[in-house]
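>>> this one's structure only:
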Ligand SMILES: [Zn+2]
């Protein structure tokens, strides 16, 4: 009987130890909606959305916006509609703070109606800048992307001379997120491979790269494989493909291109609507 009691005490202690260990090593959860849209839940309980086009046609969950609870920050890489997505609606619903390059931040407030108080200079930077995201237990660095960043007004002005339908909105960018107690994540935004990607591993050990591979508007699988070689992430998830016909690059092509460089084991394929923990 006494032995049984002791055993019970030991088992209870072990169970508590296991629970403590689980709490201490809470995972970072990543959800892919489709295109370039991700939700990242950090170990401290923070929630970050990147390029939040939650109504992307490939997202199997048509109630994604309604299901959102806490959102602390929305990071947007450039002004195109497949990246700005539902940001303004989500910001009004959740109070999320905008992280965006300077020119895009101004235009999202003045043209698209992003709430002013949720988009200040504290979280509007530019390429090379790093700042804290305290509510999510993370730091973000803005890095280059080779692309465009025109914002199309949600309510188009009269289609007559003098009313631009595409408003230049600063530099297109990518983001490096350093999560406290979690992975360092590089979201490429929309870009071609460019040689300054070699600078990224000079400053960061990237655990997870979210890489566009669709081609036509961005790098294709072959060019994206070279980007992986230069960035040296531990793992890479392909994105920005298959949403519509022009984005013809596939994960299979990307895997083959990575294999040629001896990097094929780094690819993780996600499906829209899927979650992963890191
Ligand atoms: Zn895009």
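Alright, I've got the coordinates. This one's a predicted model, so the numbers in the text were calculated from it and none came from an experiment.

>>> now the stretch 101-250 of the chain, which segments are flagged as low pLDDT?
154-161 (pLDDT under 70).

>>> For this protein, which residues are neighbours of the ion?
82, 190 (CB under 5 Å from the ion). From N, CA and C alone the C-beta is placed, and that goes for glycine too.

>>> Show me where the stretch 101-250 of the chain has its helices.
102-110, 200-203, 221-231 (DSSP state H, counting those that start in this stretch).

>>> residue ranges for the strands of the stretch 1-150 of the chain, please.
29-34, 37-41, 47-50, 73-75, 97-101, 124-125, 130-133, 138-144, 150-151 (DSSP state E, counting those that start in this stretch).

>>> okay, how far is it across stretch 52-65, tip to tip?
Taking CA to CA, to the nearest Å, the span from the opening residue of stretch 52-65 to its closing residue is 10 Å.

>>> Check the offset of it from the chain's centre.
Chain-centre distance of stretch 52-65: 15 Å, with CA atoms, centre = their mean, to the nearest Å.

>>> Kindly report the same for stretch 85-97.
Distance of stretch 85-97 from the chain centroid (CA atoms, centre = their mean) equals 16 Å.

>>> Find the centremost residue of this structure, please.
Among the residues of the chain, the one closest to the centroid is residue 50, at 3.9 Å (CA atoms, centre = their mean).

>>> Tell me the pLDDT of it.
Turning to residue 50, the model gives it a pLDDT of 98.

>>> so what's it bridging to?
residue 38, residue 75 (DSSP bridges).

>>> and the residue of the stretch 1-150 of the chain nearest the ion?
In the stretch 1-150 of the chain, the residue that lies nearest the ion is residue 82 (4.3 Å; CB to the ion).

>>> I figured that residue was touching residue 243, is that so?
Yes. The pair residue 82 and residue 243 passes the contact test of CB atoms under 8 Å, sitting 7.1 Å apart.

>>> shared neighbours of the two, anything?
Overlap of the contact sets of residue 82 and residue 243 (by CB atoms under 8 Å, 6 or more residues apart in numbering) consists of 35, 56.

>>> and residue 222, what is it in contact with?
Contacts of residue 222 by CB under 8 Å, 6+ apart are 253, 257.

>>> Quickly note the distance from it to residue 124.
35 Å (CB to CB, to the nearest Å).

>>> Residue 137: neighbour count?
Residues lying near residue 137 (other CB atoms under 10 Å) number 19.

>>> wait, doesn't residue 84 sit right on residue 105?
No. Between residue 84 and residue 105 there is no contact, the gap being 11.5 Å when judged by CB under 8 Å.

>>> Between those two, which is the more surrounded one?
residue 84 (26 against 23).

>>> That one: what's it in contact with?
Residue 84 makes contact with 51, 53, 76, 108, 112, 151, according to CB under 8 Å, 6+ apart.

>>> May I have the predicted confidence score for it?
On the pLDDT scale, residue 84 gets 97.

>>> quick check: domain ranges of this structure?
By the assignment in automatic domain parsing, the chain contains the domains 27-182, 192-267.

>>> For residue 276, find the nearest of those domains.
Nearest of these to residue 276, taken as CB to CB: domain 27-182 at 5.1 Å.

>>> Now the terminal residues of the closest one, how far apart.
7 Å.

>>> Spatially nearest residue to residue 125, not counting backbone neighbours?
Excluding its sequence neighbours, the residue lying closest to residue 125 (CB to CB, 6 or more residues apart in numbering) is residue 142, at 5.3 Å.

>>> Residues in a beta bridge with the one you found, which ones?
Going by DSSP bridges, residue 142 is paired in beta bridges with residue 175.

>>> Name all residues that make contact with the nearest residue to residue 216 once chain neighbours are set aside.
Leaving aside its chain neighbours, residue 216 sits nearest to residue 246 (4.5 Å; criterion: CB to CB, 6+ apart). Neighbour list for residue 246: 214, 215, 216, 217 [criterion: CB under 8 Å, 6+ apart].

>>> burial count for residue 265?
Residues within reach of residue 265, counting by other CB under 10 Å, total 10.

>>> follow-up on the earlier one: next one: the residue nearest to the centre of the chain from residue 240, what distance?
Distance check for residue 50 against residue 240: by CB to CB, it reads 12 Å.
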